[in-house]
Every structure is written in structure tokens, then in C-alpha cells.
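S.K.: Prediction below, plus the sequence it came from.
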Amino acid sequence: MSNIVRFGVSIDENLIDKFDKLIAEENYTNRSEAIRDLIRESLVKKEWLSSTEIAGAITLVYDHYKRGLLEELTQTQHDYHDTIISTQHIHLNSNNCLEVIIVRGSSQEVVKLADRLKSLKGVKHSALTMTTTGTDLY
Ligand code: NI
């Protein structure tokens, strides 16, 4: 376990008032954890721009009746078998499917995969959530 460092921050009163209101809405009980989260978020965003390994999830909603789509989805996922850790498929209703694809790899590779899936005809919505593997965060 690493040492804890305490430091003072000079900040405009209006700004810290707004910050306190914001973090109260987000259920933080004190400023310290909110500030630690902001620092972690900055570090995670930096990871996305580097070639560091990241983790993430790609969410797709698509019409499984769309001709050729299932084959394209399967082939794309096979092409990225090194990046994809797990896939969960949910039948939302009679024609729409929800697929959540958990990924790990370089951010460039993950974005390429997400873009390829998003551009397939019949995919109605897709979202990529990138996070960290947590290795360099405390
Ligand atoms: Ni389905």
C-alpha cells in the first residue's frame, strides 16, 4: 500500500460551491474521493490515447432479420478474437437483439472493432464504453 499525501488547494469560492453541489448530487460523502475520481478519470483518458491496454464494452442493438447481418457480426467478432473476451446476447423482442461485447486491447484496436460493428447495416444503435484495466491506478 502506498503512502497518503495531504495537500492544500486554492480555489475560487463560487467554483468550490458548485463542485460541492455537484458531488453531493453524485452521492459523494466528501471532496477527497470526488477529487481522487477526477484524477483517475484524467489518467484513464490518457491511457486511451496511448497504446496501453484498455478494457471496455461495446453495446449493439440490431435487427436479426436484416439479411447477412448475423454472418457479418460473427465474422467481425472472429477477426477480433484476440480483443474480445466475452459476448452476451439478449433477445429483446421478436426481431431485435442486444449484444454486449467485452473487450481488452489497445484503444486503437478497440475503436476499430467498434467502428466496424457500428457501420454494419441493420445495427440500430451502438455504444463503446472504454475503461481501464486498473493496473496503474490506486
Ligand atoms: Ni437475439
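M.R.: Done, it's in.
S.K.: Not counting residues beside it along the chain, what's closest to Arg40?
M.R.: Nearest non-adjacent residue to Arg40, counting by C-beta to C-beta, 6 or more residues apart in numbering: Leu137, 5.5 Å away. (C-beta placed from N, C-alpha, C; glycine too.)
S.K.: give me the number of residues near Asn96?
M.R.: 15 (other C-beta atoms under 10 Å).
S.K.: next one: the one 3 residues further on
M.R.: Other residues within reach of Glu99, judged by other C-beta under 10 Å, total 19.
S.K.: didn't it look like it was pressed against Ser86?
M.R.: No. Contact criterion C-beta atoms under 8 Å: Glu99 and Ser86 do not qualify, at 11.0 Å.
S.K.: got the residues of the protein near the ion?
M.R.: With the criterion set to C-beta under 5 Å from the ion, the chain comes near the ion through His91, Cys97.
S.K.: just for the chain, where's the confidence low?
M.R.: Applying pLDDT under 70 to the chain picks out residues 1.
S.K.: let's see it at 80
M.R.: Along the chain, segments meeting pLDDT under 80 span 1, 51, 138.
S.K.: which residues of it fall in strands?
M.R.: Secondary structure of the chain by DSSP state E: the strands cover 53-63, 84-91, 96-106, 123-132.
S.K.: Could you give the separation between the terminal residues of stretch 20-29?
M.R.: Start-to-end span of stretch 20-29 (C-alpha to C-alpha, to the nearest Å) is 10 Å.
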